[in-house]
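Participant: pasting the sequence and the predicted coordinates here, then a few questions.
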Amino acid sequence: MEEAKKIRGFKDLTVWQRSLALAVEIYKVTKEFPREETYGLTSQIRRAAVSIPSNIAEGHARNTKLQFANFMDIALGSAAELETQLTICLQINYTKQADYDKLTGEPTEITRMLYGLLNRVQPDRHAH
């Protein structure tokens, strides 16, 4: 959860910063994927990774808490999608266990942070 510092824009959100860094890392890792996956798994993983910070930014720019919450839900879905795709990559030997552990730990933490934001804008919402 964000500390007492003033949040002026989405770039000030730690969850946005971390999800952006994850997207960059995903691009680096997927560069090593087989060429035939360019329009398959590589593209899907990259889209899911980019979707997380993009939806955080778009949601933050919206005028209502409900709109913000909707975009956080989309970001949560993208994080789950990314974890699933990374698991597939591990099982088909596109990634090493160490890379998998590093990469899946971050979406898990980002998911926790997104739920924290959601609980702040919708206190009656139940965390998963």
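Facilitator: Cool, got the structure.
Participant: contacts only, for the residue nearest the centre of the chain.
Facilitator: Geometric centre of the chain, nearest residue: I52, 3.7 Å, by C-alpha atoms, centre = their mean. Counting by C-beta atoms under 8 Å, 6 or more residues apart in numbering, I52 makes contact with S19, L22, A23, A75, S78, A79, L82, P107, I110. Backbone N, C-alpha and C define where each C-beta goes, glycine included.
Participant: of those residues, closest to L118?
Facilitator: The shortest approach to L118 among the contacts of I52 belongs to A75, at 9.8 Å (C-beta to C-beta).
Participant: any idea of the pLDDT on the closest residue to Q44 other than its chain neighbours?
Facilitator: Among residues not flanking Q44 along the chain, Q85 sits closest, at 5.8 Å (C-beta to C-beta, 6 or more residues apart in numbering). Note on Q85: pLDDT of 95.
Participant: who touches the helix or strand hosting W16?
Facilitator: Using DSSP states H and E, W16 sits in helix 14-30. Contacts with helix 14-30, where a contact means C-beta under 8 Å, 6+ apart, come from 2, 10-11, 42, 45-46, 49-50, 52-53, 56-57, 60, 75, 79, 82, 95, 99, 103, 106-107, 109-110, 113-114, 117.
Participant: and the next helix or strand past that helix?
Facilitator: Defined by DSSP H and E, the subsequent element after helix 14-30 is helix 41-61.
Participant: what residues sit buried inside that next one?
Facilitator: By 16 or more other C-beta atoms under 10 Å, the buried positions in helix 41-61 come out as 41-42, 44-60.
Participant: can you dump the C-alpha atoms of it in CSV for me?
Facilitator: Extracted in CSV, the C-alpha atoms of helix 41-61 (Å, rounded to 0.1, in the frame of the first residue of the first chain):
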residue,chain,number,x,y,z
LEU,A,41,3.0,-17.3,-26.5
THR,A,42,5.6,-14.4,-26.8
SER,A,43,3.0,-12.0,-28.0
GLN,A,44,0.4,-13.1,-25.4
ILE,A,45,2.9,-12.9,-22.5
ARG,A,46,4.1,-9.4,-23.5
ARG,A,47,0.5,-8.2,-23.9
ALA,A,48,-0.5,-9.4,-20.5
ALA,A,49,2.6,-7.9,-18.9
VAL,A,50,2.1,-4.5,-20.6
SER,A,51,-1.6,-4.6,-19.7
ILE,A,52,-0.9,-4.4,-16.0
PRO,A,53,0.8,-1.0,-15.8
SER,A,54,-1.3,0.3,-18.6
ASN,A,55,-4.6,-0.4,-16.8
ILE,A,56,-3.2,1.0,-13.6
ALA,A,57,-2.4,4.2,-15.4
GLU,A,58,-5.7,4.4,-17.2
GLY,A,59,-7.7,3.6,-14.0
HIS,A,60,-5.8,6.3,-12.1
ALA,A,61,-6.8,8.8,-14.8
